[in-house]
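Enquirer: missing the sequence, but the structure's below:
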């Protein structure tokens, strides 16, 4: 589906030229939402509210065009794990059926403060656990590129929302690739900033030391504009970085040839037996193309590829198992009607409220933290995480970027991955690295698979180099 | 029973008097309507995160420095996982692997001497809410006001040997907390509670026996009862050749007995691990030096000063050091008078009872320190009798805190007369009016001086300086007028 506007700049220029306004934009997106309803990307559309807000913003602009915020004209969706005061939020779980948030996430407050319009919340895997968006209390979301296939996950609704031009930007979350993998599957751009760059306050936790709010959109510039608004320190999140939001300098804004970049690629990621040969071919062609443009390719070795998935799943499930303890049926959320005493309230509410995948991860995490197993699993995985991060840091001390495929395969058919959890976990092999290391990473489309599905590539940069990464993507696309 | 020695280690939970909670901005105060201090973080709503209240760390360091602990510069918080209705997150934020303070010792006074109880460590953690089981017949109620209030857990070595010593430790801890301004240490309001680890060993043995832990004792009376019961229970088991099983116990105040809370087989696995939401807190040496420089004089230091420098009895020193502000008042008073004993008496016998009666703090006491010193001075100079000073003048000063004590004594007609001319006139009158007694006195019955003193006081309406008056009477009687 070809979008009406490719970028926020195009939107703002059209508004300035009186070709459109917020109300017309909202009507446009609402129309597309209705037209793409069969894909089940949306959990809830805030139609009336978005229309009313658009009218207010149009009035504000009419009164004083200089008074509107930096994100004026931006229509955004939020993943169903991001709190918005007075709005329902479910984490795609029966556990939070009917729950309404009493406060807004920092990211939501900052978007609204700069006059973005939040048009609704989009589907995802339950508690952001999954790689397909099939694992949702609201039913699976389908990929617009092929409705028999999944959009990826867990931010599958976000990717499809951008893919189908039902919003310009979607705010997702990325714990092990949940923004980048669906972006690659759906042919859009998905960015995960440096850990701590965007406050997690108001993001329903999956694994605290991995979770990071991500941004899905169509261009590095749009993502950069949103990032510069929502990033920055936040007193409500002790892990938020103290640095001010990044400042961007895009080559589109100046004349001349962009700087050549030194781009590392891990050979083992391309020779990996799980990698689809066509994706390998497209990736190698793309990298070759960059070389021809004057960028330098640096092949590097990485001995820990097989440790990524085990380390990631031990640590994330450990954190998840306790992050999800608060859903106990006592204060809010699902409470079993069968429960006759306190212990039954806990046991039955959680048994009924959580889906299979969430329960599986809680069980795994509980196991790896248990007395007698902690050292063999959790402590060892922490050690692996340190070694992995050290090695990647070495690579990125020498190179500007680290390139690798975003996914080993294209979007699978419904049921294909979710029926085999281990296969599903292994499909995260390229994306978990950035979360293990806390690095900024982005996935964007570089070609089409012979089967007709989008293929994405992933770039990573050093810690804190969010601006450099987004600028590089803009340059490489030239 | 007498064959055994009771060995006790404590885990004291001290609730800190910070204004807000340990990891969010909710009010940490006691006594509000149930569930009125509960924001989204206290309620563990989805998406909420903890943020550290720095006052908690400062208070912990303060206590550690007072007890001579080693302060760990790198502090980490861990999650202790278990499900309970009054634990909203399903885990408690605590310090498992790296407590803020390690080692150190608390001086306690046992009988006539001081001795030290070694501290194993002190760690920071948050309190849970309160479950209330006795209000609604069908439901348990939960009050989450307390959930997230900062606590210090002070873990001692097994260095206590009786309920009396436990009492001395707890009293000392409450006193110290108040000196440091970190907690009111009030057991009635739950600001201080303790778990008691208790074991028995044969007298003379150095080896520790198997121990049981009595959880959550919230009054000293219950602690005494629980220790008494448990020591007896364990002694009976040992006497009949049965082993002590390591277990967690609960004390039931109604029956005065301890009961197993849970056996070893269903012991919790708390799955401690570092809380990923809270980055390590790294303390600087400068921060610690700053806290050290602001430490007040500690109760045992003042006790030593009061007994040696000021020559007070152990009893008086104990009374005067109980509360930091009373000790402070005494110190200030001793800056203005050298009669330390009189100053101690004035505070113990007059000021303290007034404070207790009015449920007031030292800051509410209306009379300034220099006026108290002047009161002592008036008695020392024989200008006011001790009894007049203690009764009318002290009360008068409280009612007229702006008046100088001397002026007030004058106004109240309490000044003793030591004017020789006036006194001599009165004395001559008194002797002249009782010639027979004067004769008997002169013949040797010197005890009659008491009679003449009484007459003199009567004549002076109680204002005669007894010392000067007595001297005059003796002189005049001997002279035979």
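Expert: On my side now, so go ahead. Note that the structure is predicted; figures quoted are calculated from it, not measured.
Enquirer: In chain A, where is pLDDT below threshold?
Expert: A:1, A:251-256 (pLDDT under 70).
Enquirer: Most distant residue from the centre of it?
Expert: Within chain A, the residue lying farthest from the chain centre (Cα atoms, centre = their mean) is residue A:340, at 40.3 Å.
Enquirer: What values do phi and psi take at that residue?
Expert: Backbone torsions of residue A:340, given as degrees, to the nearest 10, read phi -110, psi -10.
Enquirer: burial count for residue 246?
Expert: With no chain named, the answer covers chain A. Counted with other Cβ atoms under 10 Å in any protein chain shown, the burial measure for residue A:246 works out to 22 neighbours. In short, each C-beta sits where N, CA and C put it, glycine included.
Enquirer: you looked at the wrong chain, it should be chain B
Expert: Should you count by other Cβ under 10 Å, residue B:246 turns out to have 13 residues around it.
Enquirer: what's the distance between the closest residue to it other than its chain neighbours and residue B:217?
Expert: Nearest residue to residue B:246 in three dimensions, chain neighbours excluded: residue B:210, at 5.3 Å (Cβ to Cβ, 6 or more residues apart in numbering or on different chains). Plainly put, residue B:210 is 20 Å away from residue B:217 if you go by Cβ to Cβ, to the nearest Å.
Enquirer: so what are the domain limits for chain B?
Expert: B:4-290, B:420-479 (automatic domain parsing).
Enquirer: Which residue ranges of the stretch 251-400 of chain A form strands?
Expert: Secondary structure of the stretch 251-400 of chain A, counting by DSSP state E, counting those that start in this stretch: strands at A:262-266, A:296-300.
Enquirer: Contacts only, for residue B:150.
Expert: Residue B:150 makes contact with B:15-16, B:18, B:21-22, B:28, B:53, B:55-56, B:59, B:124-127, according to Cβ atoms under 8 Å, 6 or more residues apart in numbering or on different chains.
Enquirer: So among these, which ones count as buried?
Expert: Neighbour-count burial within those applies to B:15-16, B:18, B:21-22, B:28, B:53, B:55-56, B:59, B:124-127; the criterion is 16 or more other Cβ atoms under 10 Å in any protein chain shown.
Enquirer: Looking at those, which one is closest to chain A?
Expert: When those are compared for distance to chain A, the smallest value, 11.3 Å, is given by residue B:53; criterion: Cβ to the nearest Cβ.
Enquirer: dump the residue contacts of that closest one.
Expert: When the contact criterion is Cβ under 8 Å, 6+ apart, the partners of residue B:53 are B:18, B:20-23, B:150.
Enquirer: next one: residue B:296
Expert: Contacts for residue B:296 (Cβ under 8 Å, 6+ apart) come out as B:179-181, B:324.
Enquirer: host element of it?
Expert: Here residue B:296 sits in a region with no helix or strand, counting by DSSP states H and E.
Enquirer: Give me the phi and psi angles of it.
Expert: Residue B:296 has phi and psi values of phi -80, psi 170 when expressed as degrees, to the nearest 10.
Enquirer: Next one: it from chain A, what distance?
Expert: Note on residue B:296: its distance to chain A, by Cβ to the nearest Cβ, to the nearest Å, is 31 Å.
Enquirer: what's the spacing between that residue and residue B:331?
Expert: Relative to residue B:331, and taking Cβ to Cβ, residue B:296 is found at 11 Å.
Enquirer: try residue A:303
Expert: Residue A:303 is 68 Å from residue B:331, by Cβ to Cβ.
Enquirer: The two: which has the busier surroundings?
Expert: When residue A:303 and residue B:331 are compared for neighbours, residue B:331 comes out ahead with 17 against 10, by other Cβ under 10 Å.
Enquirer: got a list of what the more buried one touches?
Expert: Taking Cβ under 8 Å, 6+ apart, one finds B:297, B:302 in contact with residue B:331.
Enquirer: hang on, it is in a helix, isn't it?
Expert: Yes. Assignment of residue B:331 by DSSP: H, G, I helix; E, B strand; the rest coil places it within a helix.
Enquirer: Once you drop chain neighbours, what's closest to the residue nearest the centre of chain A?
Expert: Within chain A, one residue has its C-alpha closest to the average C-alpha position: by Cα atoms, centre = their mean, that is residue A:179, at 2.3 Å. For residue A:179, the nearest residue in space outside its immediate sequence neighbours is residue A:214; the separation is 3.2 Å by Cβ to Cβ, 6+ apart.
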